[in-house]
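[1] Fold the following and give me the result.
(chains A and B)
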Amino acid sequence: MCLAIPARIVELEGDRAVVDAMGNRWKAKTTLIPEAKLGDLVLIHAGFAISLVDEEEAKKTWQLIAEINDFRDTPNKVSG
Amino acid sequence: MLEQIYKAQCLMDSACEKLGRQINIMEVCGTHTVSIFRNGIRPTLPKRLKLLSGPGCPVCVTDQSYIDSVLQLADRDDCLIATYGDMIRVPGTGGSLESKQPSANIKIVLSSEDALELARANPDKTVVFVAVGFETTAPATAVAVKEAATEGIDNFCVLSGHKVVVPAMRALLSEKNHNIDAFLCPGHVSAIIGFGAFGEIVDDFGRPCVVAGFEPLQIIEGLGESCRQLAEGKAEAKSIYTAVVTKQGNTTAQKIISERFEVADGYWRGLGLIEKSTLKLKDKYSRFDAVRRFDISEIPTEDRSGCRCGEVLCGLIEPFECELFEKTCTPETAVGPCMVSSEGTCAAWFKYGREGRR
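    The predicted structure follows:
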């Protein structure tokens, strides 16, 4: 639950943004990062940007999220 | 990258050798727990370095009485419950939100803003936002409360189950039989509170506190840094997650939290009552406080299921030491919150633990 997702701000009006991560777009707010501007990469948690983040870090986290999704899809069975 | 891993492993080995005993490092955050298992980190560590999973999954530490309060509100015709999806399967005394979902007024939301939107769209209902989480989600709740106040959205309120991390770490270290040598501190909570917030743990308890990100190299380097400090007999608060976490954290978010909330004593599942560890809405915003609006009294209930999540959360036992583990308690038939949550310690052990059980 505490995993924030890096995403790029692709629309911004006041503190209302649309962000994009791995091709998914959704609404988020930049209230907690007033300095965020269009095109910035930010960490989004529960609909809010909580931190600015650089390109390299964003890529690493996107990769991890893909792996965790695999983890969640692992069947809930004990084998062997 | 191999060089960095090798360096961290050398630091771990030399700490184990220097201290000549088992070293216990607690990863506080549930996302760390999952990443550690997913990446097979445990089997690569020195035998005398043990990882303890801590109380850092907000779903897992939410007291049963809180869930019971939500369940009571879900029975009311005049309420709509807005909850993060993580909470839906967590058991209270009389079932979970999921067990009520087909007939009840329960909506899953992704943010506090969605909950507020529900209130705008349903003026004839009172929307109760199930506000759980640490300092990462608390500012989002705070912003929604401020907006509700500004716009006069009076059919919105929050049942605050928000918690703050540092008092729980203090509580663990204040237990006589704790065995924690150092903490691997949560990455995204620290983006808000800053690694400086762990200074009091270092000063008062002499335990290293290292903030790391969630990818495997960060975790290994974080463990290496903790071991370096232990071997040198030092304790420092430090962030190796420098891309995101600074010493002072997100001061805008901290200010927003402290404007709307005040710290209060509160119950944690497994840890009991911890002083100044929860966030309660300030009197100024009391009309948005579900506890005061509906006169809820959260009386902690005794868990009679035999579930030992409490001891798991404190790092006192491993999940497989609980008699219910893998028998009556599985991700599909979860008895305790650590099995319910995808970031719970028991769920992680269930899926990946056999490799690391040693």
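[2] per-domain residue ranges of chain B.
    Using automatic domain parsing, the domain parsing of chain B gives B:1-304, B:309-356.
[3] Which secondary structure element is home to the residue of the stretch 151-300 of chain B found nearest chain A?
    Closest approach between the stretch 151-300 of chain B and chain A, counting by C-beta to the nearest C-beta: residue B:243, at 3.9 Å. From N, CA and C alone the C-beta is placed, and that goes for glycine too. Assignment of secondary structure by DSSP states H and E places residue B:243 within no helix or strand.
[4] Could I get the contacting residues of it?
    A:53-54, A:56-57, B:213 (C-beta atoms under 8 Å, 6 or more residues apart in numbering or on different chains).
[5] ok, back up a step: ranking the domains of chain B by burial, who's on top?
    Ranked by mean neighbour count under mean count of other C-beta atoms under 10 Å in any protein chain shown, these are led by domain B:309-356, which reaches a mean of 22.
[6] Quick one: mean pLDDT over that one.
    Along domain B:309-356, the predicted confidence averages to a pLDDT of 86.
[7] do the strand ranked longest in chain B and chain A meet?
    When chain B is parsed with DSSP state E, its longest strand is strand B:272-281. No: judged by C-beta under 8 Å from any C-beta of the partner chain, strand B:272-281 makes no contact with chain A; its nearest approach is 14.7 Å.
[8] mind listing what whichever residue of chain A sits closest to chain B touches?
    Ranking the residues of chain A by distance to chain B (C-beta to the nearest C-beta) places residue A:47 first, at 2.5 Å. Contacts of residue A:47 were listed using C-beta under 8 Å, 6+ apart, and they are A:27-29, B:110-114, B:140.
[9] Spatially nearest residue to it, not counting backbone neighbours?
    Residue nearest to residue A:47 in three dimensions, not counting chain neighbours: residue B:111, with 2.5 Å by C-beta to C-beta, 6 or more residues apart in numbering or on different chains.
[10] hang on, that neighbour packs against residue B:140?
    Yes: judged on C-beta atoms under 8 Å, residue B:111 makes contact with residue B:140 at a distance of 6.0 Å.
[11] Quickly list what's touching both of those two.
    Common contact partners of residue B:111 and residue B:140 (C-beta under 8 Å, 6+ apart): A:46-48.
[12] Nearest to residue B:16, out of those residues: which one, please.
    Of all these, residue A:46 has the smallest distance to residue B:16: 38.9 Å, by C-beta to C-beta.
[13] so what's residue B:25 up against?
    Taking C-beta under 8 Å, 6+ apart as the definition, contacts of residue B:25 comprise B:49-52, B:180-184, B:223, B:226-227.
[14] how about a cut-off of 7 Å?
    Residues in contact with residue B:25, defined by C-beta atoms under 7 Å, 6 or more residues apart in numbering or on different chains, are B:49, B:51, B:181-182, B:184, B:223, B:226.
[15] Please apply the same query to residue B:256.
    In this structure, residue B:256 makes contact with A:32, B:139, B:142-143, judged by C-beta under 7 Å, 6+ apart.
[16] who's in contact with residue B:5?
    When contacts are counted by C-beta under 7 Å, 6+ apart, residue B:5 touches B:217, B:220.
[17] any idea which element it lies in?
    Under the assignment here (DSSP H and E), residue B:5 is part of helix B:2-19.
[18] The helix or strand that that helix is followed by to helix B:2-19, inter-axis angle?
    Using DSSP H and E, the helix or strand that directly follows helix B:2-19 along the chain is strand B:23-29. Compare the direction of strand B:23-29 with that of helix B:2-19 by axes from the mean of the first three to the mean of the last three C-alpha atoms, to 10 degrees and you get 130 degrees.
[19] Just give the strands next to strand B:23-29 in its sheet, each with its orientation.
    Looking at strand B:23-29 with DSSP bridges, its partner strands are strand B:49-56 (parallel), strand B:182-185 (parallel).
[20] so for it, what's the average pLDDT?
    Regarding strand B:23-29, the rounded mean pLDDT is 94.
[21] ok, back up a step: may I have the phi/psi pair for the residue of the stretch 151-300 of chain B closest to chain A?
    Comment: the main-chain dihedrals of residue B:243 come out as phi -70, psi -20, following degrees, to the nearest 10.
[22] Also residue B:288?
    Torsion angles at residue B:288 (phi, psi; degrees, to the nearest 10) stand at phi -100, psi 10.
[23] Same check on the one 3 residues further on?
    For residue B:291, the backbone dihedrals (degrees, to the nearest 10) come out as phi -60, psi -40.
[24] Which pLDDT value goes with it?
    In this model, residue B:291 is scored at 94, pLDDT.
[25] Quick one: residues contacting it.
    Taking C-beta under 7 Å, 6+ apart as the criterion, residue B:291 is in contact with residue B:159.
[26] State the distance from it to residue B:46.
    Counting by C-beta to C-beta, to the nearest Å, the gap from residue B:291 to residue B:46 is 48 Å.
[27] Just send the contacts of residue A:47 back as JSON lines, with pLDDT and distance to residue B:203 too.
    As requested, these are arranged in JSON lines below (pLDDT from 0 to 100; distance: C-beta to C-beta, whole Å):
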{"residue": "A:27", "pLDDT": "94", "distance to residue B:203": "42"}
{"residue": "A:28", "pLDDT": "96", "distance to residue B:203": "36"}
{"residue": "A:29", "pLDDT": "96", "distance to residue B:203": "35"}
{"residue": "B:110", "pLDDT": "91", "distance to residue B:203": "38"}
{"residue": "B:111", "pLDDT": "94", "distance to residue B:203": "36"}
{"residue": "B:112", "pLDDT": "96", "distance to residue B:203": "34"}
{"residue": "B:113", "pLDDT": "95", "distance to residue B:203": "38"}
{"residue": "B:114", "pLDDT": "95", "distance to residue B:203": "40"}
{"residue": "B:140", "pLDDT": "96", "distance to residue B:203": "30"}
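[28] Fine by me, we can end here.
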